[in-house]
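**Student:** got a predicted model here, sequence first, then my questions.
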Amino acid sequence: MIKTKQLKLKNFKAPKHGAAWTFTRDWVVLKEAVEAVFQHAPTNATLNGLCSRVERNLKLSGPIMYSNLKALVSTHIKIERERLQQCLSQPEHAFLATVASTWVTFKRDMHLVRSIFIHLNQELVATAQEEQLWPMSRNLFRKLMFSDRTLHEHVVNQFILAVTQDRNGETVDTNVLQKIAAMCSELQIYKSFLEKALETETRSYFANEGHRLTDELKLPDYLQHVRKRLGEEEYRCNTYLQSSSREILKLLVMQTLIAEHIPFIQQGFRALMEHEDDISLRLLFSFIRSLRRLDSFFDYIVSYIKEEGKKLVANPADDAGMVQRLVDFKDKVDRINQKSFSSTSSISIITSKTMDAFRYFINTRTNKPAELIALFLDSLLKRGFKQYTEANLQKLIEKVLGVFRFVEGKDVFEGFYKEALSRRLILDKIASNDLEITLISKLKQACGSEFTSNLEEMFKDIALSTDLTTEFKQVHQEVTIGLKVLVLKKATWPPKPPVKVALPKQLLDIRQSFTTFYANKHKNRLLHWQSNLSTCVLKAYFDAGEKDLSMSLYQASILLKFNEKSSWSYSELKRDTLIDETQLRLALTSLSCGKIRILLKEPKNRLVRKGDIFSVNIGFTNERRKVKINQIQLKQTKQENEATVAKVFEDRKLSVDAAIVRIMKMRKTLQHQNLIAELMAQLHFPVRPVDLKKRIEVMLDREYMERDKDDNSLYHYVA
């Protein structure tokens with residue numbers, strides 16, 4: 001029996017395909033979409049559908065997908081490179097515009113591609129196995145697009161040419177240049193690709209311009225041009241270059257237009273200072289500071305001050321106006337510093353170096369500036385000086401003291417100022433007590449109380465003498481003539497050589513009365529009468545009327561002799577008045593040969609000789625009742641100046657000796673060079689080491705110190 005088998009039918013199932021088959025099918029779609037993006041062609045695929053295809057293949061086929069996409073991007077870049085190579089013959093601006101457009105389009109296309117492969121990009125971020133899509137595509141663009149040296153160089157050359165045209169004032173498309181610079185920056189090749197070439201071209205361009213303009217322009221115009229160029233480079237960096245180029249280009253402008261033309265700047269610097277061109281000076285200062293060469297700028301200022309200053313003090317023929325010129329010069333330098341540098345952080349350094357320069361040149365002519373400053377102040381403070389108001393005079397004195405502070409030989413100034421002050425006080429020539437006291441106060445601040453102690457004592461002596469004279473007149477009311485006696489301490493006042501003069505009897509009687517009065521008042525004090533600066537007022541009668549004649553004691557002694565007889569010979573006057581021959585000639589010259597002629601002389605000429613005969617000019621006329629006769633002998637002579645300097649030098653010896661003893665007493669033992677160094681530091685006046693060595697030898701001879709037995713350069717203090 002035949003059994004039949006049961007036939008079972010099952011549902012048919014499609015065969016299962018692997019991941020490779022799925023990726024292959026999906027990649028075809030993805031590839032077409034990417035190519036459509038690069039070709040800017042339409043596609044039927046949707047973004048969601050494309051993203052889904054990427055996502056379902058990501059786990060098993062992600063690396064292959066990344067590799068395929070990279071190949072697609074590479075192929076596209078190569079196609080674009082070939083297209084740009086065909087554009088090399090375009091005009092420069094058109095070619096650069098094509099390159100910029102290619103980069104902008106590539107970035108936009110890659111943005112769409114990244115949107116399609118967003119899941120792949122996220123996976124790369126998570127695993128860090130490969131570059132993300134944008135860095136990968138950017139690096140491919142950099143590598144493949146500019147691997148062609150011809151294309152590379154053409155882009156650079158055209159860019160540099162456009163920058164040069166811009167510098168020449170030609171019209172360029174800055175928008176295109178900005179895109180090219182931005183492209184290089186994004187591709188991370190700006191420094192190596194553009195900036196290096198830009199640096200070379202900039203150096204060459206401005207080097208040539210600098211050599212040309214230094215022959216054509218003066219320094220102020222040249223500096224303005226440099227400022228303009230810096231502004232233009234700043235504008236380029238803000239407009240189309242990258243900010244990293246800003247400092248490089250500014251430095252190149254500074255190096256090529258400033259640093260490489262220092263001789264030209266030095267030559268024109270003097271004119272800037274002479275004309276007080278604060279705008280140009282500020283510009284130059286800022287340029288030099290940016291080059292970090294401020295020491296050079298300081299040297300320009302110092303060199304100018306020293307050279308100009310030496311001219312002010314070097315020529316003895318110009319001594320008469322030296323102090324005023326120094327004041328004007330310091331005013332000028334102060335104005336320049338204030339206008340040009342006061343707002344800078346270097347003003348303190350400039351001020352310090354300015355002061356050092358003044359100190360240097362003023363002391364190149366030892367002692368003379370100190371002497372002339374003292375005499376200049378004397379001329380300002382004398383009664384009768386009406387060129388300035390008191391307020392302006394005080395300002396001028398302050399400026400003179402500003403110059404005085406640079407003088408090293410302040411003891412020379414002290415000697416001459418003290419001599420001049422004594423004359424003003426004795427001759428009652430003080431114009432303003434307030435100004436005198438203010439000046440002494442400022443001198444005390446500058447030099448210390450020891451410097452001004454004698455000056456202050458001199459004013460006290462004058463005040464005490466006024467009280468003393470008043471008291472004498474109250475006691476001796478029989479004295480009917482006007483009298484003023486100045487009792488001055490010998491140690492305080494400048495020494496005066498004793499002079500001989502035969503006083504009239506009435507003056508001798510009064511002098512004796514005062515001597516007795518003073519001796520009774522001060523038992524242990526002795527008066528030494530000095531007549532060389534004494535003054536008198538004589539009442540004289542002429543045909544035209546009565547006159548009051550103001551004159552020196554010498555002149556008065558001569559005129560009073562004419563009460564005895566009408567004419568006197570030169571020899572008779574010399575015999576009877578006992579006046580020194582030099583002073584006698586000066587006095588007779590002022591009385592008989594000047595503008596105011598109280599005496600007549602035979603023979604009639606302007607020279608006084610021993611055989612001359614003198615008589616009263618009874619016909620003398622003058623519109624004023626009070627007549628002042630020129631006192632020629634009051635002018636300080638060269639010998640008196642030399643005597644003042646000699647006394648200063650003698651005082652310096654004493655100061656050096658005292659300093660040696662003071663230092664050795666403190667140190668006990670000291671090497672020669674160390675002693676010299678300490679002396680130079682302590683002494684407030686200029687002194688040479690050789691002069692110090694001489695004083696050391698003197699102190700050794702006086703046994704204040706002794707040499708070491710084994711080392712001649714070592715000194716020991718002897719108690």
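**Tutor:** Noted; the coordinates are in hand.
**Student:** quick one, what contacts residue 35?
**Tutor:** 41, 72 (C-beta atoms under 8 Å, 6 or more residues apart in numbering). Where C-beta positions appear, they are placed from N, C-alpha and C, glycine not excepted.
**Student:** got the buried residues for the host helix or strand of it?
**Tutor:** Assigned by DSSP states H and E, residue 35 belongs to helix 19-39. Neighbour counts over helix 19-39 (16 or more other C-beta atoms under 10 Å) mark 23, 26-27, 30, 33-34, 37-38 as buried.
**Student:** could you do stretch 393-410 as well?
**Tutor:** If you call a residue buried by 16+ other C-beta under 10 Å, then stretch 393-410 has these buried ones: 393-394, 396-397, 399-404, 406-410.
**Student:** mind listing which of the residues you listed are in helices?
**Tutor:** Applying DSSP state H to those, the entries found in helices are 393-394, 396-397, 399-404, 410.
**Student:** output the below-cut-off pLDDT ranges for the protein.
**Tutor:** 1-19, 92, 125, 128-129, 384-385, 631-651, 684-685, 719 (pLDDT under 70).
**Student:** okay, strands next: where are they in it?
**Tutor:** For the chain, strands defined by DSSP state E occupy the ranges 535-542, 545-552, 567-569, 599-602, 613-616, 626-628, 669-671, 705-707, 714-717.
**Student:** the ones in helices among the buried residues of stretch 393-410: which two are farthest apart?
**Tutor:** Largest separation among these by C-beta to C-beta: 393 and 410, giving 22.6 Å.
**Student:** what's around the residue lying closest to residue 27 once chain neighbours are set aside, how many residues?
**Tutor:** Nearest residue to residue 27, sequence neighbours excluded (C-beta to C-beta, 6 or more residues apart in numbering): residue 68, at 6.3 Å. Neighbours of residue 68 under the rule other C-beta atoms under 10 Å: 16.
**Student:** cool, and residue 243?
**Tutor:** Count around residue 243 with other C-beta under 10 Å applied: 9.
**Student:** what's the answer for the one 10 residues further on, then?
**Tutor:** By the measure other C-beta under 10 Å, the count of residues near residue 253 is 25.
**Student:** longest helix of this protein?
**Tutor:** In the chain, taking DSSP H as the definition, the longest helix is helix 47-85.
**Student:** buried ones in it?
**Tutor:** Of the residues in helix 47-85, 50-51, 53-54, 57-58, 61-62, 65-66, 68-70, 72-74, 76-77, 80-81, 84 count as buried by neighbour count, 16+ other C-beta under 10 Å.
**Student:** also stretch 579-590?
**Tutor:** Applying a neighbour-count criterion of 16+ other C-beta under 10 Å, one finds 579-580, 583-590 buried in stretch 579-590.
**Student:** swap in stretch 365-372?
**Tutor:** Neighbour-count burial for stretch 365-372 flags 365, 367-372 (criterion: 16+ other C-beta under 10 Å).
**Student:** so what's residue 472 up against?
**Tutor:** Residues near residue 472 by C-beta under 8 Å, 6+ apart: 479, 483, 485, 513-514, 517.
**Student:** and the longest helix of the chain, what does it pack onto?
**Tutor:** Helix 47-85 makes packing contacts with helix 19-39, helix 92-116, helix 118-127, helix 133-140, helix 149-167 when contacts are defined by 3 or more C-beta pairs under 8 Å, 6 or more residues apart in numbering; DSSP states H and E.
**Student:** give me the angle between that helix and helix 19-39.
**Tutor:** 50 degrees (axes from the mean of the first three to the mean of the last three C-alpha atoms, to 10 degrees).
**Student:** quick one, helix 47-85 and helix 118-127 angle?
**Tutor:** Helix 47-85 and helix 118-127 meet at an angle of 90 degrees, taking the same axes, to 10 degrees as the criterion.
**Student:** can you give me the helices in the stretch 351-500 of the chain?
**Tutor:** For the stretch 351-500 of the chain, the helices defined by DSSP state H, counting those that start in this stretch occupy 368-381, 390-404, 410-426, 433-447, 449-475.
**Student:** ok, and what's touching the fourth one?
**Tutor:** I take that to be helix 433-447. Helix 433-447 has contacts (C-beta under 8 Å, 6+ apart) with 377, 381, 390, 393-394, 397-398, 401, 404-405, 410, 414, 421, 430, 451-452, 455-456, 459.
**Student:** okay, buried residues for stretch 666-682 please.
**Tutor:** Those would be 670, 672, 675-676, 678-679, for stretch 666-682 by 16+ other C-beta under 10 Å.
**Student:** ugh, wrong one, stretch 116-123
**Tutor:** By neighbour count on 16+ other C-beta under 10 Å, the buried set for stretch 116-123 is 116-121, 123.
**Student:** next: stretch 241-259.
**Tutor:** Neighbour-count burial for stretch 241-259, counted by 16+ other C-beta under 10 Å, picks out 241-242, 245, 248-250, 252-259.
**Student:** residue 530 against residue 501, yeah?
**Tutor:** No. At 10.5 Å, residue 530 does not count as touching residue 501 under the criterion of C-beta atoms under 8 Å.
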